[in-house]
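*Asks:* I'll drop the sequence and a predicted model, then ask my questions.
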Amino acid sequence: MPASEKLWIFAARRETENKDMKSKILRKGLENIPTSVKLWRELIEIESMDEAKNLLYKAVESLPKEIDLWLALAKI
């Protein structure tokens, strides 16, 4: 599997009409690169508010030093 967040984001963005497939691609990318802030942000942007909140909790667990993720979680 690719270890490049750019490739995962590119593949996900090609799925312009299929949100579920875009989500699957980004989640697969996060399985391979769980410390990618860019992948977390891409996925959080496309999900519902409830799912975004759950994802933010997971993101701060994976990246506890990322202040931007903590601030995003605090805003929800």
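*Replies:* Nice, I can see it.
*Asks:* is the nearest residue to V60 once chain neighbours are set aside within a helix or a strand, and which one?
*Replies:* Nearest-residue entry for V60: L69, 5.1 Å, with adjacent residues in sequence omitted and distances by Cβ to Cβ, 6 or more residues apart in numbering. All C-beta spots, glycine's among them, are computed from the backbone N, C-alpha and C. Element membership for L69 (DSSP states H and E) is helix 67-75.
*Asks:* kindly report the same for L43.
*Replies:* Per DSSP H and E: helix 37-46 holds L43.
*Asks:* kindly report the same for D50.
*Replies:* Using DSSP H and E, D50 falls in helix 49-62.
*Asks:* tell me which residue is most central in the protein.
*Replies:* W40 (2.3 Å; Cα atoms, centre = their mean).
*Asks:* L69 is in contact with that one, correct?
*Replies:* Yes. Between W40 and L69 there is a contact under Cβ atoms under 8 Å: 6.9 Å.
*Asks:* between those two, what contacts are shared?
*Replies:* Counting by Cβ atoms under 8 Å, 6 or more residues apart in numbering, the residues touching both W40 and L69 are 59, 63.
*Asks:* tell me the residue in the protein that is farthest from the middle.
*Replies:* Extreme point of the chain relative to centroid (Cα atoms, centre = their mean) is E17; 18.0 Å.
*Asks:* just want the phi and psi numbers for that one.
*Replies:* Dihedral pair for E17: phi -110, psi -10, per degrees, to the nearest 10.
*Asks:* so it versus G29, what's the distance?
*Replies:* Distance, E17 to G29, by Cβ to Cβ, to the nearest Å: 19 Å.
*Asks:* repeat for I67
*Replies:* From I67 to G29 the distance is 22 Å (Cβ to Cβ).
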